[in-house]
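the following comprises the amino acid sequence and a computationally predicted model.
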Amino acid sequence: MSFFGNLFSKEKKESLDQGLQKSKESFFGKLGKAIAGKSTVDEEVLDNLEEILISSDVGVDTTLKIIQRIQARVARDKYLGTSELDGILKEEIAGLLSENNTSDLADFETPVGVKPYVLLVVGVNGVGKTTTIGKLSAQFKKKGKSVVLGAADTFRAAAVDQLKLWGERVGVPVVAKGMNTDPSAVAFEAVEKGVELGADVIIIDTAGRLHTKANLMQELSKIKRVIQKVLPDAPHDVMLVLDGSTGQNAAIQAREFTKATDVTCLAITKLDGTAKGGVVIGISDEFKIPVKYIGVGEKVEDLQTFNKQEFVDSLFKK
C-alpha cells in the first residue's frame, strides 16, 4: 500500500485504476515496442521514449524535462537496463508533480476557517463544467457540507437548466435568473443566499465560452467585484475545468484562460475515455496551478480529489 493509502479507499483506487486503463495500456504498449531487443537505455531508447511521451500528450517542454532527468541518471549509473526504465520514469514523473503546486488534498475539504467557501468555475462549453459542479456538490454534501449553486453561465439556456437539474438531483438550492441575464447579478444573489442560509460552500458556474480574452476578463472581474460587496475575500478559488480527452487542446485552453483570469486550481475531466492521461502531467508542470480534481468515470464518485502519488501509481500499475 502507498504512503497515501489512508486517504484513498479501495473503491476510489479501483475507480482510478480503471479510469486510467486506456492511458496506461497505450503508454506501456508503445514503451514495450520501443525497448524490444534492447538491454540498456541508449540514445535510440531515449528518442523513442521522447516520442511516446509527446504522443501521450505530456507536452513537449515537460517531455524534454523528463528525458533530461533520465539522461542524467543514465550518465550517472552508466549501465542502466531497460528493465529499470519503468521504475525510473515513475520516480521522475512523481518528482516532477511534487515540485509543482499540486498538493495531495483530503477528500472534498474546504479551507479551514473559510465559511462560506466561494468557488468560481470557468471553462469552455463541452468540457464537463456543469456536470463537474453537480458532482462536486454531491461530494461536498456527502461530507456533510451545505451547498448553494449559482447558474451564472447565462449565455446558454442548457447550462442553466442542467445546473437546476443537478440541484434537484443532489438536493441543493440553485440561484438562477434564466438565459441572457447579467452573470454578476446571479453571482451576487447566489453569494447573498449562501450567506443567508449559512452555507459551507457556494459554487458559481460561469464563463462557458472563450469568445475574446478581453470580454472574459471584464466579465469575471465584474463578478468578483460584485460578490466582494457581500464577502470581501471572495472568491476563494477560481477553478478551470478542462477536458482531458482533448489532450493538447486542453493545454491551449489553459493558456488562454490563465491569460484572461486568475485561475487558482484545475479540474481535469473525462480521463477514462482517453489514452491521453499524460496531459495531467504536462498541464501541472507547465502552469504550476494545483490540479484539485480529476474525472475518471460517469458516476458521482468518479470525480476524485487529485492525489499525485496515487495517480502515478495507477498510471504505472502492472
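Noted; the coordinates are in hand. Numbers count the residues shown, from 1 in each chain.

ok, the residue nearest to L271 when sequence neighbours are not counted - contacts?
Spatial nearest neighbour of L271, excluding adjacent residues (Cβ to Cβ, 6 or more residues apart in numbering): G244 at 4.4 Å. Using the backbone N, CA and C atoms, a C-beta is placed for each residue, glycine as well. Shown in contact with G244 (Cβ atoms under 8 Å, 6 or more residues apart in numbering): 250, 268-271, 274, 276-277, 279-280, 294-295.

pLDDT check: weakest of those residues?
Lowest pLDDT of the contacts of G244: T274, 82.

ok, that residue touching K24?
No: using Cβ atoms under 8 Å, T274 is not in contact with K24, being 11.6 Å away.

okay, the two: which has more neighbours?
Between T274 and K24, counting by other Cβ atoms under 10 Å, T274 is the more crowded of the two (20 against 17).

next one: that one from A152, what distance?
According to Cβ to Cβ, to the nearest Å, T274 and A152 sit 29 Å apart.

nearest residue to the most centrally placed residue in the chain other than its sequence neighbours?
Nearest residue to the geometric centre of the chain (Cα atoms, centre = their mean): A267, 2.5 Å. Nearest residue to A267, sequence neighbours excluded (Cβ to Cβ, 6+ apart): Y293, at 4.1 Å.

number of nearby residues for the one you found?
Around Y293 there are 22 residues (other Cβ under 10 Å).

do G198 as well
When neighbours are defined as other Cβ under 10 Å, G198 has 9 of them.

cool, and I223?
Neighbourhood size, I223 [other Cβ under 10 Å]: 29.

hmm, back to that, so which strand or helix has the residue nearest to the centre of the chain?
strand 265-269 (DSSP states H and E).

which residues does the helix or strand following that strand contact?
Toward the C-terminus, strand 265-269 is succeeded by helix 279-287 as the next helix or strand (DSSP H and E). Outside helix 279-287, the residues that touch it by Cβ under 8 Å, 6+ apart are 57-59, 61-63, 65, 93, 96-97, 100, 102, 242, 244, 247-248, 250-251, 254, 258, 263, 266, 268, 271, 289, 291, 294, 306, 308, 311.

now the buried members of those residues.
When the contacts of helix 279-287 are checked for burial by 16 or more other Cβ atoms under 10 Å, the buried set is 57-59, 62-63, 65, 93, 96-97, 100, 102, 242, 244, 247-248, 250-251, 254, 263, 266, 268, 271, 289, 291, 294, 306, 308, 311.

strands - which of these land there?
Using DSSP state E, 242, 266, 268, 291, 294 are the members of those that sit in strands.

which among those gets closest to D107?
Distance to D107 across these (Cβ to Cβ) is lowest for I294, with 12.9 Å.

pLDDT weak spots in the stretch 151-300 of the chain?
For the stretch 151-300 of the chain, applying pLDDT under 70 flags the ranges 210-213.

what number of residues lie near D237?
As a burial measure, D237 scores 20 neighbours (other Cβ under 10 Å).

that one and K143, how far apart?
17 Å.

for K10, same thing?
Taking Cβ to Cβ, one finds K10 at 19 Å from K143.

more neighbours, those two?
Neighbour count, other Cβ under 10 Å: between K10 and K143, K143 has more, with 14 against 9.

in contact with the more buried one, which residues?
Taking Cβ under 8 Å, 6+ apart, one finds 107-109 in contact with K143.

how close does it get to F108?
Taking Cβ to Cβ, one finds K143 at 5 Å from F108.
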